[in-house]
Every structure is written in structure tokens, then in C-alpha cells.
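Asker: Here's a sequence, model it:
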Amino acid sequence: MNYQQFEDLQDPELPPKTKYDKTYDADLIPPDFELAEIHRQATRVGEEIEQDEENINRCPCCLRVVDRKIIKMNSNVNRLSFLGSGLPLYFNFYKYCVIILVLLFSTSGDYNLITNYAFGTNCSDFEDDQQVTKNDCQADFITLVSLANKRYNYSLMELQQMLNLVSIIIIIGLEQSILNVILIHLSPSDYTIVIKNIPVEFFKSTDDTISIEIELKDYFRRYLEKNVPLDEKVIDYIELRLKKNQNYTIPDRIVDINLCYDLQELQKIQNQKQNHIIKKQELLSKLFQELDPDDPTLQLVNGQYGNEDLNKIQIDINNVSQRLTSFHKSFDETQYQKKYFLGQAFLTFQWASDKDAIVNINSTTSWGRFFGQRSQLDFEGHYLIVDEAPEPQDVNWENLHIKNREKLLRRIAAIFLGSLILYCTSQVIFNVQKIQQAFIQGADVVIKRLASIASILIIMVNYLLAVFIKWVASLEGFSTTTGYHISVGTWSGFAQFINSAIITWLVNTLYIKNYFGEGGLIYNQTYVFISNMIIPAVLSLIDPMYLWKNYKRHKEIQKGKKSTLTQEQLNLLYEDLPESLSDRYASILKTMFLTSFYASIIPVGILLSCISLITIYWTSKHNIISRRVIKNSYSSDLSIEMTENLELILPIYCFSNFWFEYVFTEGAYVSSFAVIGIAIGILNAVLPMQDFNIAIFQIRTAESSIHPFSKVYLKMDNDYARSNPITSWQAKQKLIRQKTLLVAQKMQKKKSVKPESASPFKPPLNQLTEN
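Answerer: Residues are numbered from 1 along each chain as shown. As a prediction, this is how the structure comes out:
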């Protein structure tokens, strides 16, 4: 937005570092490269360095702290909790997957591998002139360590299934502790609830003197006064402050309420402006071929260019910018607030314990509301729905206007599109497998082995599949980015598993019936395990997209004054790549499902997958710490959902144990332990294990902070007002004034001998705050 939102708020008494001496103009062409570099440093992953406000450097466009403490590779992942609880949980998810694979190999995989190689006798060496069929097992480095080499040794197979059952029981116990992690970082969501079902029509029917914000604040103040006494620790805190300062004023229990609005009209105006900017950039590119960037006709003076065509476009941009400014300013009036209000709001409390109490008393579930469950919050005949608020950066503000009915239709359409895409990619792999078998039947040994490597194509197909699934998920209209990432991680994980494991299994089961012959199931899947270990790890280490962005950044620097990017576009170019945990989770799920499906016949695959996960863990940690920007806060819901998906490895493992034993022995032998494993796997899949996880092995967080929101507010990188596109401009201006006032008062305190009893800074949104 082309607002002068970050005006020079300099005071001659303030030190230079607190002066916002750079004005941020998002539409500036050519852009300021120094400002973009400041933005890059401010968006890096790192902890804010503890220092007084007067010494803090902040990015003029986002107000994030520039000076940050780099996190080392050997640091505990819990230090990343300031980026959202989902990030340390993501790394713990990796660790537990590795532990599962290690235990799986230790309890049954090592026995399987050793007995296959040392005691198996069912794969033989064939002479070059001998005719080898798909039912013959050629002894080589792949088949000798596979189940095919001992498929007729029933005593070894029986003990194998017994150990597989032990693995199943151990994994069930281990899965329950995946989410057991301590998270201690304070964020705006620790003090905030999300309110839904606020009666929009009621407010539209009232006159303009009735404010939505004031009415809701007053309602919750009365509710707190009547139903929620102050927490004992909060009382102790207040008493302690009163002892230290008799003039201490007890702050209001309600800090702020941020209303959610329909942003469709705003998006239309922004799109119009962007179209004009594109025209301006295209014209400048042509003019720079003939004129020097310093040519007087290309200089913007008092909002006008000397070049007539360029000036016409600039007038269009200015007009649309004025419309944007007017649109934002209109929300100062209650009539416009009521016009665009969606019936949702984020209410921030002064004390985290008040937030917890409100949620505990009034939380409901979707199914509970369907069967008549209601909260105690009756507001003008409507029962308000309250819940834990997502982090400010987790909210998709542009999607909040989408009604539940439309979301349902979008989800149905997404399922159809996702299924269609999965079918198409599966058909590609299916036909590649069939063509591969045709090569094997008529070619020599070298070509046969080369044909087996065709299964590496699965990696490429899965990459394209993941891109399409992310596109489909973006159409579903999730109100949070966590919801989007849950959809992508789940869909992509299962789809890649189907392409990597199930399609090959179906081809060999229904058509080819080649399990251990040359180019058969064992060969194909061994190559898949090897490629899955090498390719993702190498790509993660090299990070080609990071190198590509660095290259584009370098090319833009070379353009200098001939750059036609806006300041906003250059800032985005200077940012590191945004991290997408959904892609990572999908890859982990695919690896775990693939391993559990083929662990019984390819035990070496457990080791290869374990190496893969360990390698990706460290390369992923390195990339997040030094090559990524975390633009959205990931909540624990993402990890909980992925953990629920991970539990499907048990029924998959149990089924594959039973099936492959039956097929490899040609139905002559099936262990009772395999049947018991099937029963356990079905029960684990049917029972509500997610509820069991949350109830018994909850995510342990720090106790509710006893510090009021107004005391920790200025230390937070973001809040709901700054994230909301409607209120962000005013909120950032207000934050600058508060921080400037804080510095001025601290400097005044240093000069004065008298003790200061007034508040050190203006409280947010006119609320009483700490002294």
C-alpha cells in the first residue's frame, strides 16, 4: 500500500537508532536496495537480542527487529518455539519417526536381514545361458537380503512373525509420546480467544452510535466480573506491584478486540492497482533501453513524470491508491465496520489465565454444537462460539468471508480434483511398470537391470503430484494456514505413498505376478528405497530453489537504477525462501508408509529410510535456520494431525506382513502371529487414538504467564491488529508512537532524579497498563 505509514517520528532527544529515517513506500520504483537488505535481516530466523528499546533497530516496513541471534545447529529445537509451537514439534516428529524405524529394525528387521542372508537358500545363481522366469529368484545383492531367500523356511518365518508382533506392540506404546514436548514461548495467542457467531444483523440494525467493539468488550467485562475471578497468582502479582508503587493502576482485564471483515472489495482494488503497476513496469523496461535512468523525464517529481505515457499510468496508480486509503479510513466509522463485519473477532485479555478460564468454561466442539451443545455466552440471543485463537500470522484473513456451506462444496470439489490428479499420475506409473516388464521379457541382463531403475521416475512424478495438490488445497478456502498445511501434508503424503508403493504392488499382484524375479517387485522397491534415500537428501542439501533465488537477487542488484521492481517486490525477493512444513510432513509420511509396507520383505529398506530421515532432519534444520523465512506460525494442530496419520503405519505393517507371507509361501503357510497382528492393526486404526493422545499425552506448555499482556506486548513480533489487512496500517503507526514514547520516557527518567510513577509507555489501544 502506498501510504506514508512510517513517517519520520524523530525527536531531537532520541538516539539515532530509534529514528525511522527511512520512509517505506511499497510502490517505489526503482526500489531502495539498502531497505530491502534491512528487511532481509529482519525476517531471518533468529531470536531477538535482548536490549533496551532505544538501541533496537527495526525494519521500517514490518517493524521486526533487525539484530537477531543466530541459532546454532546443535541448539535444542525447542528454541524455535518463538516461531510457533508447530516448528519444534515438527523436528520431534522426525526424531520419533527415526526411533520407530530403529526399534522396528532392532526387534524384527535385523533378524529378518541376517536370516535372509545367512540362512536363506531359496535364491540361486543361474548361468547366463539358463532360462530364468519371473518365478525364479536370481541370487544377487538385492534378493539375498530379501524375504524371498528364505520363503520356504517355515521355522524362520514363524519366528519372524513373532518378532514382527513384538515390533507392533512397541510401536503402539511409542506413538503415544510423540507430542510430549514443553513449549514456553509467549505469543499473542496465549492471551487471545477467537469469537464466532456474533450476530451481524443485530449490529446492522442498530444506529451508528453503537460500536461493535465497545459492546463486545463491555459484555465480556461483565462476564469476567460475574463468572471468572482473578487467578491467585495474578492477585499476588498485583499486590506485589502495589507494594512497590502505591500509584500502580490495576489494568483493565480486556485489552483489545480485533474485528474480522470481508476483504473481497479490498482485494479488487488491490488487483486494479497491481495491474497499473505492471503496465508501469513494462513501460519503464522499454524506456530504460533508450534512456538513462537519471533522465529527467523518468524522475517522479511531486507525484508526476516528465514522460507523458508514464505520467498517465502514475495518475491511475495514484487514483487507485487514494481509493485504497479512503477504503481503510472508512473503517474509522461504525457504519462501515458493520457493513463489512463477518461476525468473528479476536479478543485479547490482559491476563492469560482469564483467556484459559473463558475457553475452559465455554469451549464446544463441532459435533457437540450439532447435537445442541451451547456455551454460556448468550449475546443478544446468539450463543457465541469461543476457542483458542490461532497465531496472528496463522490467520488467512482473505478467506474468513467464506461460509461453511461454500467451504464444504470447495472441499468436495478438492477431493474430486485431487482424486483425478492422483488417478492420472498413478496411470503414468502403472503404465511405466507394464512397459518395464515388456523390456525385461525380451532384453539381455544389462537392459533388464537398467529397466529396473525406471522406478526412479516415481520420484519425479511425486514431485509434480505435490505441486498439483498444493494448488488444489489453495482452492479449499482454509481460514488458517495450518488447515491448509494439514490438507497438503495429508493428501500429498498418502498420494505419494500410493504412487511409490501401492501401484507397483497392484501391477505385480493383478497383472505381472512378478515378486522377486528380475525387474519384479523387490527390485523395483529396492531402487525406490535407494532413490528415496539419495535424491531428497541431495536436493535438500544443494537447495536449488535457494540458489535460484540468490541468482535472481544478484541479477536485480546488477540492474541498479534500471530495476523495475517495486519496493514491496524487492523486499520479497530479498527474503529467504518461505518454509513449507506440509511438504516435509508429506515426505516423512510417504517414507514411513513405504517402509512399513515393505519392511517384511525388504528389511534393508528400514535402514535406508532411517538414513534418509536422519539426513533430511539435519539438512532441514540447517535450511530453516540459515536459508528460510517463517512467514506463518505453525500451531500444534499440524503435528497432532500428522501424528494421527502416522498411526496408520501399524495397519499397513500388519497387513503387509500377512499378505507377503501368504504370497511368498504360495498360500502354504500363514503364521497365527500374522493374524493377531492384523487384528491389532485394525483396532489401532478404528479406535480414536488422537483423542487418546491428547487426553493422556498432552502437549506440555508453560503455565499461564502472570505478566499482563501490556508488559510483554512490545516484545512480540506481531499481533492481530498488525496482521489484519484493515487495521495493520493504524496498528503499526500506533506501535511506532508507543515505542518512541517509551524511549523518550526512559531517557527522561535517566536525566531526572525523581522516581517515575507514570506508565513507561502508552498502553496499546487506550488500555491501562503496567507501571
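
Asker: From now on I want contacts and neighbour counts done on CA atoms only, so please keep to that.
Answerer: Will do.

Asker: residues contacting E388?
Answerer: 189, 192-194, 359 (CA atoms under 8 Å, 6 or more residues apart in numbering).

Asker: what about 6 Å?
Answerer: I193 (CA atoms under 6 Å, 6 or more residues apart in numbering).

Asker: What does it show for phi and psi?
Answerer: phi -60, psi 140 (degrees, to the nearest 10).

Asker: quick one: it and V359, what's the gap?
Answerer: 7 Å (CA to CA, to the nearest Å).

Asker: just for this structure, where's the confidence low?
Answerer: For the chain, residues meeting the criterion pLDDT under 70 lie at 1-22, 50-55, 126-136, 175-185, 436-455, 685, 687-705, 739-740, 742-771.

Asker: Please enumerate the strands of it.
Answerer: Ranges of strands in the chain, per DSSP state E, are 47-48, 68-69, 182-183, 192-196, 254-261, 341-349, 378-379, 382-383, 385-388, 577-578, 628-629, 700-701.

Asker: As a markdown table, these with distance to Y511 would be great.
Answerer: Listed next are those as a markdown table, based on distance: least, CA to CA, whole Å:
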| stretch | distance to Y511 |
| --- | --- |
| strand 47-48 | 57 |
| strand 68-69 | 59 |
| strand 182-183 | 51 |
| strand 192-196 | 54 |
| strand 254-261 | 56 |
| strand 341-349 | 55 |
| strand 378-379 | 63 |
| strand 382-383 | 59 |
| strand 385-388 | 52 |
| strand 577-578 | 44 |
| strand 628-629 | 46 |
| strand 700-701 | 51 |
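
Asker: Any idea which of these gets closest to L300?
Answerer: With respect to L300, and counting by CA to CA, the nearest of these is strand 577-578 at 32.3 Å.

Asker: Can you list the helices and strands that that closest one packs against?
Answerer: Secondary-structure packing of strand 577-578 (3 or more CA pairs under 6 Å, 6 or more residues apart in numbering; DSSP states H and E): strand 628-629.

Asker: so what secondary structure elements neighbour the strand it packs on?
Answerer: Using 3+ CA pairs under 6 Å, 6+ apart as the test, strand 628-629 ends up in contact with strand 577-578.

Asker: and the strand it packs on, how far out from the chain's middle?
Answerer: 11 Å (CA atoms, centre = their mean, to the nearest Å).

Asker: Show me where the stretch 401-550 of the chain has its helices.
Answerer: For the stretch 401-550 of the chain, helices defined by DSSP state H, counting those that start in this stretch occupy the ranges 404-442, 445-452, 457-474, 481-497, 503-506, 521-542, 544-559.

Asker: Between the ones you listed, which one is closest to N271.
Answerer: Taking CA to CA, helix 457-474 is the member of those nearest to N271, at 18.4 Å.

Asker: ok, back up a step: ranking the helices of the stretch 401-550 of the chain by burial, who's on top?
Answerer: For the helices of the stretch 401-550 of the chain, the largest average neighbour count (mean count of other CA atoms under 10 Å) is found in helix 481-497, namely a mean of 24.

Asker: and the angle for that one with helix 457-474?
Answerer: Helix 481-497 runs at 150 degrees relative to helix 457-474, counting by axes from the mean of the first three to the mean of the last three CA atoms, to 10 degrees.

Asker: Report how many residues lie close to N74.
Answerer: Number of residues near N74 (other CA atoms under 10 Å) recorded here: 8.

Asker: cool, and N302?
Answerer: N302, neighbours per other CA under 10 Å, totals 6.

Asker: same thing with S728?
Answerer: 18.

Asker: Ignoring the adjacent residues along the chain, who's closest to it?
Answerer: Nearest residue to S728, sequence neighbours excluded (CA to CA, 6 or more residues apart in numbering): R722, at 4.0 Å.

Asker: hmm, who's touching stretch 403-422?
Answerer: Contacts for stretch 403-422 (CA under 6 Å, 6+ apart): 472, 476.

Asker: shift numbering so it begins at 32
Answerer: Fine by me, first position is 32 from now on; the one you just mentioned is stretch 434-453.

Asker: Distance from that stretch to the middle of the chain?
Answerer: Distance, centroid of stretch 434-453 to centroid of chain: 21 Å (CA atoms, centre = their mean).

Asker: could the helices of the stretch 432-581 of the chain be laid out in CSV, adding distance to L322?
Answerer: As requested, these are exported to CSV (distance: least, CA to CA, whole Å):
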stretch, distance to L322
helix 435-473, 49
helix 476-483, 57
helix 488-505, 41
helix 512-528, 45
helix 534-537, 60
helix 552-573, 40
helix 575-590, 14
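
Asker: quick one: which of the ones you listed is nearest R272?
Answerer: helix 512-528 (39.0 Å).

Asker: counting contacts, what elements does that closest one pack onto?
Answerer: Looks like helix 512-528 contacts helix 488-505, helix 612-629 (3+ CA pairs under 6 Å, 6+ apart).

Asker: Just the C-alpha atoms of that helix, please, in CSV.
Answerer: C-alpha atoms of helix 512-528 as CSV (Å, rounded to 0.1, in the frame of the first residue of the first chain):
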residue,chain,number,x,y,z
THR,A,512,-2.5,-21.7,7.1
THR,A,513,-2.3,-24.6,9.5
GLY,A,514,-5.5,-26.0,8.0
TYR,A,515,-4.0,-25.6,4.5
HIS,A,516,-0.8,-27.4,5.5
ILE,A,517,-2.8,-30.2,7.2
SER,A,518,-4.6,-30.8,3.9
VAL,A,519,-1.5,-30.7,1.8
GLY,A,520,0.6,-32.9,4.2
THR,A,521,-2.2,-35.5,4.5
TRP,A,522,-3.2,-35.6,0.8
SER,A,523,0.3,-35.4,-0.6
GLY,A,524,1.7,-38.0,1.9
PHE,A,525,-1.0,-40.6,1.1
ALA,A,526,-0.9,-39.9,-2.7
GLN,A,527,2.9,-40.2,-2.8
PHE,A,528,2.7,-43.5,-0.8
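
Asker: Who's the closest spatial neighbour of V197, skipping the chain neighbours?
Answerer: Sequence neighbours aside, T138 is the residue nearest to V197 in space, at 6.9 Å (criterion: CA to CA, 6+ apart).

Asker: cool, and I645?
Answerer: Nearest non-adjacent residue to I645, counting by CA to CA, 6+ apart: V129, 7.1 Å away.

Asker: One more: Y751?
Answerer: P423 is the one closest to Y751 (CA to CA, 6+ apart), at 5.0 Å.

Asker: From L608, how far off is that neighbour?
Answerer: Look at P423 and L608: by CA to CA, they are 20 Å apart.

Asker: got it, and K343?
Answerer: 36 Å.

Asker: what do you get for L255?
Answerer: Computed as CA to CA, the L255 to L608 distance reads 44 Å.
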